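[1] Next comes the sequence, and after it the predicted model I'd like to discuss.
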Amino acid sequence: MSDRSRPALSFLAEMQWRGFYQQCTDPEALGDLLARETVTAYTGFDPTADSLHIGSLLPILGLVHLQRHGHRPIAIAGGATALVGDPSGKTELRQLLSAEQIETNLAGIRAQLARFVDFGEPGLADLDHGPVVAAGPGNRGILLNNADWLRNQNYIEFLRDIGRHFSVNQMLARDSVKARLEVGLSFIEFNYMILQAYDFYILNRDHGCKLQMGGNDQWGNICSGVDLCRRLNQQEVFGLTFPLLATAAGEKMGKTAAGAVWISPQRTSPYEFYQYWVNVDDRDVSRFLRLYTLLEPAKIEALEKLEGADVRQAKRELAGAVTSLVHGPQEAEKAAKAAAALFTGSGDESTVPSSELAAARLAGGDLLLVDVLVEVALCQSKGEARRLVRQGGVKLNGEIVAEELRALTAADVQAGRIRLQLGKKRHHHLLVG
RNA sequence: GGGGGGGUUCCCGAGCGGUCAAAGGGAACAGACUGUAAAUCUGUCGGCGGACGCCUUCGGAGGUUCGAAUCCUCCCCCCCCCA
C-alpha cells in the first residue's frame, strides 16, 4: 500500500491538504526553495521512552512526506537534549532520565524511525517490512544523535560562542517558557531552547539543513534555531510546525484505558493498535485519514463522503492503513481478520489475542474466572473482575456470566479454547493445552 | 537568608481530631440505547473476603491521643513576596 511514486502536489501543498501545516517562518521563500532544490530538513525526537507512541507519528510522517517528495530528511535522536528535558508543553519539571536509560531508549527509537524513513542502512533494524518510502541516492535520510556534538561542549566556550546570541528577554517571552513561569522552571530546562537551536546550527553548517519541522509547541525552539543560523552561518533557514492534535473529544491523542498507544508491538499489540483506530470518533476520521495514512487524496476524499453507519468503512480503511504503516501489511491483515471475527461474527478467530492455559488447571473445578481475568491482565484486581461480573460485563463463550465466583471447568472448553469477553470490546481467548 | 502559602486517592479539588476509603468535578470502566461512533441515562470507580468485616492510603519519619488526612516535632519538595 505504500505510495512510492512521486506525488502530484508540491510538498507544502500536500502538507497543507493533509493538515500538517500549522505555521511556517516564511512559506513563500520556503516554497521557492523546495521547488528549486533538494532540501534537507530535520525533526528531533526525544528518547524519553524505549518506543515512540502515536503522538510521534505526525512528525515521523512529516519526514516521510518530505522524503516522498524527493527531499532529504534528517532525524535527530536527542541523546543529549533528553538529558536536559524540554519544558515545551510540559506543565511541570520533567523527571530527569539517566544516561543509561536514554541509551536504551535511543536504540529502540532509531530502529523504529528506520521503519518509516529510508536511511539507507539496511542493518539498522530487523524490519519485517522496509521503510515506507524508498529513497534515491540524493535523498537518503540521515539519522543522528545530538550527543555527538553536544556532550563534550565546554561550558565557558559554549556560553561565549553561542550563549551570547540569546537574549534572555526574548527567551522569557517564548510561550514554552512563559507558560512555566507560574509553576516554575528550572535553569536546566530553560537551556533546552539553546541546545535545540544549536542543533539546527550544526546541521545547517555540516549538512546543509535548511528546514526544521516539529510540533507547534516547538515553535519557539525552532525560531531560536532559525535566528542562530542566520547570525552564525548567515543562512536563511526555515521552520515549519504541525498542529498539536487533540481528538474531537478534546483528549490528547493516543490515550486509552490501557495507557498510551505505542508503536512498539511489545507495548501495544497490533490488534490493540488497530482497535484504537477503528474506535476513533466519527468526527476525527477525515482528519486522521489525511494525517496518518499515505492514502491518495482521491481515495481519502471518497471515504470522507461516507455517512452514518458507513463511516465504519472509513474507520476500517484508516485502521488498516495506519496499522500497515506501523506494523506491516501482514499484521494489519491479521488484526482486521480478528476484528471481523469478533465484531461481525465472520472469519478467522485464530488471531484474537490469547494466552495459554494448562488443561490440568481446569480439572479441580476450583479455578475461578475472576482469578484468570486478573492473570491474563484483563483486569487489574479481583475486585474489578468481580465488579464487572456483577454488572453483567463479562461473557464466557458468549454467555453472560451470572455467578460472581464462577469456576472454569473442562466443560467450558470449546474447540480447544475458552472465549472471554469484557464489555463490548475486549476479547481474549484461553488456549487450553 | 527573611516572610507567607502549599504538598490529599489516575487528574483537579474539598476535608482540618471521631460519623473519612475520604465531598464535588473530570477521566475511566460496566449496563441501556447504538454503528466496535457521538450524545444521553443508570451503575461502578484502593485491596482482600459472600457479608454488617479486615487491611493499606492523605509528601517522609517520629510523637500526642482511646482515636489523626486533620494537633506537635524534625526532614524533603513546590509556589509567592522581600533580600
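    Alright, I've got the coordinates.
[2] Could you pull up the residues touching the residue of chain A most remote from its centre?
    Distance from the centre of chain A peaks at A:Gly364, with 45.5 Å (C-alpha atoms, centre = their mean). Applying C-beta atoms under 8 Å, 6 or more residues apart in numbering to A:Gly364 gives no contacts. Bear in mind the C-beta positions are built from the backbone N, C-alpha and C, glycine included.
[3] any idea how far it lies from RNA strand B?
    16 Å (C-beta to the nearest atom of the strand, to the nearest Å).
[4] can you tell me how far that residue sits from A:Val432?
    According to C-beta to C-beta, to the nearest Å, A:Gly364 stands 14 Å off from A:Val432.
[5] ok, now A:Asp310?
    Distance from A:Asp310 to A:Val432, by C-beta to C-beta: 39 Å.
[6] ok, now A:Lys299?
    For A:Lys299 relative to A:Val432 (C-beta to C-beta), the value is 43 Å.
[7] quick one: which of the two has more around it?
    Per other C-beta atoms under 10 Å, whichever of A:Lys299 and A:Val432 has more neighbours is A:Val432, with 20 against 13.
[8] So what does that one look like in phi/psi?
    As for A:Val432, its main-chain torsions (degrees, to the nearest 10) stand at phi -90, psi 130.
[9] what residues are up against it?
    Counted by C-beta under 8 Å, 6+ apart, A:Val432 has contacts A:Leu357, A:Ala358, A:Ala359, A:Leu362, A:Val413, A:Gly416, A:Arg417, A:Ile418.
[10] Of these, which is the most crowded?
    Neighbour max across those (other C-beta under 10 Å) = A:Ile418, 23 neighbours.
[11] beta partners for it?
    A:Leu430 (DSSP bridges).
[12] Now for it: which residues touch it?
    Neighbour list for A:Ile418: A:Leu357, A:Leu396, A:Asn397, A:Leu408, A:Asp412, A:His429, A:Leu430, A:Val432 [criterion: C-beta under 8 Å, 6+ apart].
[13] Out of those, the closest to A:Glu317 would be?
    A:His429 (26.6 Å; C-beta to C-beta).
[14] wait, the closest one sits on A:Gly416?
    No - using C-beta atoms under 8 Å, A:His429 is not in contact with A:Gly416; the gap is 9.5 Å.
[15] where does the closest residue to RNA strand B within the stretch 101-250 of chain A land in three-state SS?
    Going by C-beta to the nearest atom of the strand, RNA strand B is nearest to A:Gly184 of the stretch 101-250 of chain A, at 1.8 Å. Following DSSP: H, G, I helix; E, B strand; the rest coil, the label given to A:Gly184 is coil.
[16] And the one residue in the stretch 201-350 of chain A that gets nearest to RNA strand B, its phi and psi?
    In the stretch 201-350 of chain A, the residue that lies nearest RNA strand B is A:Ala339 (2.9 Å; C-beta to the nearest atom of the strand). Main-chain torsions, A:Ala339, degrees, to the nearest 10: phi -60, psi -40.
[17] What's the separation between it and A:Ile300?
    Distance of A:Ala339 to A:Ile300, computed by C-beta to C-beta: 21 Å.
[18] A:Phe242 now?
    18 Å.
[19] Who has more neighbours out of those two?
    Ranked by neighbour count (other C-beta under 10 Å), A:Phe242 and A:Ile300 place A:Phe242 first, with 24 against 20.
[20] tell me the contacts of the more buried one?
    A:Phe20, A:Tyr21, A:Gln22, A:Leu58, A:Pro59, A:Gly62, A:Met213, A:Gly214, A:Gly215, A:Asn216.
[21] Ok, A:His207 next?
    Contacts of A:His207 (C-beta under 8 Å, 6+ apart): A:Thr40, A:Ile74, A:Ile142.
[22] quick one: what helix or strand has the second one in it?
    Under the assignment given by DSSP states H and E, the secondary-structure element containing A:Ile74 is strand A:72-77.
[23] What lies in contact with that strand?
    Counting by C-beta under 8 Å, 6+ apart, A:38-45, A:47, A:63-64, A:66-67, A:106, A:109-110, A:113, A:117, A:119, A:135, A:138-146, A:199, A:203, A:207, A:209 sit against strand A:72-77.
[24] Please enumerate the strands of the stretch 1-150 of chain A.
    Here the stretch 1-150 of chain A has its strands, by DSSP state E, counting those that start in this stretch, at A:23-24, A:40-45, A:72-77, A:142-145.
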